[in-house]
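Colleague: Sharing a model prediction with you, sequence too.
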Amino acid sequence: MIGKLNHVAIAVPDLEAAVACYRDVLGADVSAPKDIPEHGVTTVFVHLPNTTVEFVRPLGDKSPIAGFLEKNPSGGMHHICYEVTDIEAAVKVLAAKGMRVLNPKPKIGAHGNPVVFLHPKDFLGVLTELEQVPA
Ligand code: CO
């Protein structure tokens with residue numbers, strides 16, 4: 001079902017410090033920050049040869065990652081995202097296997113593609129995102 005690792009998202013309290021760490025310490029190719037108000041986050045993309053790491057920082061008072069940062073004040077891995085070619089089919093298969101899909105109706109994610117999130121308790125304690133990417 002799942003294909004490539006699309007991205008790993010790291011929630012950070014301080015975006016500038018995160019950028020400095022990956023750009024200046026690790027020598028990574030880091031994008032400019034981008035506000036995504038509809039998702040309540042500001043993101044920075046770290047472009048790696050085989051995948052992307054995304055830093056996410058809360059934007060606005062209803063950010064979905066605010067609670068995570070309350071529990072993990074210095075930040076931490078927030079979710080992992082795998083590519084699928086048919087997200088509706090994936091949701092059906094997962095539901096049939098008793099897996100909890102947090103938003104069974106796919107929503108448009110930060111990259112403009114349909115995404116769903118899977119319950120961390122069903123996937124080794126890790127919030128797992130599936131993103132539909134054309135084959
Ligand atoms: Co994501």
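Modeller: Done, it's in. Residues are numbered from 1 along each chain as shown.
Colleague: Just the CA trace of stretch 96-111, in CSV.
Modeller: The C-alpha coordinates for stretch 96-111 follow below in CSV (Å, rounded to 0.1, in the frame of the first residue of the first chain):
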residue,chain,number,x,y,z
ALA,A,96,-11.5,-3.1,7.1
LYS,A,97,-8.4,-4.0,9.1
GLY,A,98,-9.7,-2.1,12.1
MET,A,99,-7.3,0.8,11.9
ARG,A,100,-8.4,4.2,13.1
VAL,A,101,-8.2,6.9,10.4
LEU,A,102,-8.5,10.2,12.1
ASN,A,103,-10.1,12.0,9.1
PRO,A,104,-11.6,9.3,6.9
LYS,A,105,-12.5,12.0,4.4
PRO,A,106,-9.2,13.0,3.0
LYS,A,107,-8.3,16.7,3.4
ILE,A,108,-6.0,18.8,1.3
GLY,A,109,-2.6,18.8,3.0
ALA,A,110,0.3,21.3,3.0
HIS,A,111,1.4,20.2,-0.5
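Colleague: what residues does the strand or helix carrying residue 53 touch?
Modeller: Using DSSP states H and E, residue 53 sits within strand 52-58. Applying C-beta atoms under 8 Å, 6 or more residues apart in numbering, the external contacts of strand 52-58 come out as 6-15, 18-19, 22, 28, 40-46, 65-66, 69, 78, 110. Heads up, the C-betas are built off the backbone N, CA and C, glycines and all.
Colleague: Strands - which of the residues you listed land there?
Modeller: 6-11, 41-46, 78 (DSSP state E).
Colleague: What is the nearest of those residues to residue 89?
Modeller: residue 6 (17.5 Å; C-beta to C-beta).
Colleague: can you pull the contacts of that closest one?
Modeller: Applying C-beta under 8 Å, 6+ apart, we find residue 6 in contact with 51-52, 81-83, 129, 131, 133.
Colleague: Pop out the phi and psi values for the spatially most distant residue from the centre of the chain.
Modeller: Using C-alpha atoms, centre = their mean, the residue of the chain lying farthest from its centre is residue 96. It sits 24.2 Å away. Dihedral pair for residue 96: phi -60, psi -30, per degrees, to the nearest 10.
Colleague: Kindly provide the distance from it to residue 50.
Modeller: 31 Å (C-beta to C-beta, to the nearest Å).
Colleague: Perfect, I'm done here.
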